[in-house]
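*Asks:* For reference, the sequence and a predicted model appear below.
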Amino acid sequence: MRASTTSGLRATIALLLAAGLLAPAAAAADAAPARVFEQPGPHQVTVVKGGPDHTLYHPAGLAGISTPLPVLVWGNGTGVNTEPYDLMLRHIASWGVVIAAANTTQSGSGQEMLAGARFLIAEDQRPGSAFHGKIDETRIAAASHSQGGGGAIAAGADPLINTTVPIQPGPQGRVGALHGPAFFVAGQVDLIVPSLFVRARYGGAGQVPAVLGEVRGGGHFLLGETRTRVLGAVTAWLRYWLAGDQRAKSVFFGQESSCELCGDEAWSAHARNDKAKQIS
């Protein structure tokens, strides 16, 4: 879904994530939508090295997948590689997303992420590639954490990127240059990238549909229940904007009675703009 169809719309949801137990997989079908996306997706995942300098996560058995898959390009926080994010990246890939994760420990420019997108587009067009005909070149997201979150904002200014997920982002990139919907994630007690800073970055993105999520009790590092809740929300966001998943849409948007995050006790609405209901 392109931003031009929804430009100017804006929604604010403060996602206050309460502590709780992860629902067992057997109960996923009966869980609220946000909790459904905390469960592993339907695909087994393959992880390989590839690209200019990337780790690639993708659904296993690409040869048997007939529908082109959307793409996520990922950077990393300052001084770390993909290892701390491995669980998150495997989880997102299990929901039918091909991920090019930059191996660099400096991702603030966004260029490393864009290089991963361009690599997958080239592989999609190259006969003999495992990705030949498997990549949806029109559905590409940029996401990351900390410095990489700033890099995701920088990458999100490029026409290749349809939607952006800056998680506790650094100062890199210009939010006014984003041209697609964005989901900003903050930690309530983050002392490295304070929530107020993330709110300010979110506030500067008035030209695109945007949601602000704040993790109750969440620090800067994605651990335990904080990671579980962020993972579910990020996966839902990507499933809606990259795959048109209407169940995922209901996590963020709709009437008060149908918006998952508006009615769930673990989430609460904050200064929510009614125009969000008009997003299609």
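*Replies:* Now that the structure is in, tell me what you want to look at.

*Asks:* on contacts alone, who are the packing partners of the longest strand along the chain?
*Replies:* Assignment by DSSP state E gives strand 135-145 as the longest strand of the chain. With contacts taken as 3 or more Cβ pairs under 8 Å, 6 or more residues apart in numbering; DSSP states H and E, strand 135-145 sits against strand 69-74, helix 111-125, helix 147-155, strand 163-167, helix 224-243. For the C-beta atoms, the positions are set from N, CA and C on the backbone; glycine is no exception.

*Asks:* so what pLDDT did the closest residue to residue 162 other than its chain neighbours get?
*Replies:* With Cβ to Cβ, 6 or more residues apart in numbering as the measure, residue 180 is the residue that lies nearest to residue 162, at 4.7 Å, once sequence neighbours are left out. In this model, residue 180 is scored at 95, pLDDT.

*Asks:* how far away is residue 180 from residue 155?
*Replies:* 11 Å (Cβ to Cβ, to the nearest Å).

*Asks:* the more surrounded of these two?
*Replies:* When residue 180 is set against residue 155 and neighbours are counted by other Cβ atoms under 10 Å, the residue ahead is residue 155, at 33 against 23.

*Asks:* Enumerate the positions of stretch 106-126 that are buried.
*Replies:* Of all the residues in stretch 106-126, those buried under the rule 16 or more other Cβ atoms under 10 Å are 107-110, 112-121, 123-124.

*Asks:* same question, stretch 47-67
*Replies:* Buried-residue list, stretch 47-67, by 16+ other Cβ under 10 Å: 47, 50, 51, 54, 55, 56, 57, 58, 59, 62.

*Asks:* Out of these, flag the one nearest to residue 84.
*Replies:* Lowest distance from residue 84 to the buried residues of stretch 47-67 (Cβ to Cβ) belongs to residue 55, with 12.5 Å.

*Asks:* what residues does the one helix or strand the closest one maps to touch?
*Replies:* Using DSSP states H and E, the secondary-structure element containing residue 55 is strand 54-59. By Cβ atoms under 8 Å, 6 or more residues apart in numbering, the surrounding residues in contact with strand 54-59 are 43-50, 65, 69, 82, 89-90, 92-94, 96-103, 115-116, 119, 131.

*Asks:* The nearest residue to residue 170 once chain neighbours are set aside: neighbouring residues, count only.
*Replies:* Residue nearest to residue 170 in three dimensions, not counting chain neighbours: residue 150, with 3.6 Å by Cβ to Cβ, 6+ apart. Close neighbours of residue 150, defined as other Cβ under 10 Å, add up to 29.

*Asks:* joint contacts of residue 180 and residue 155?
*Replies:* Counting by Cβ under 8 Å, 6+ apart, the common neighbours of residue 180 and residue 155 are 161, 164.
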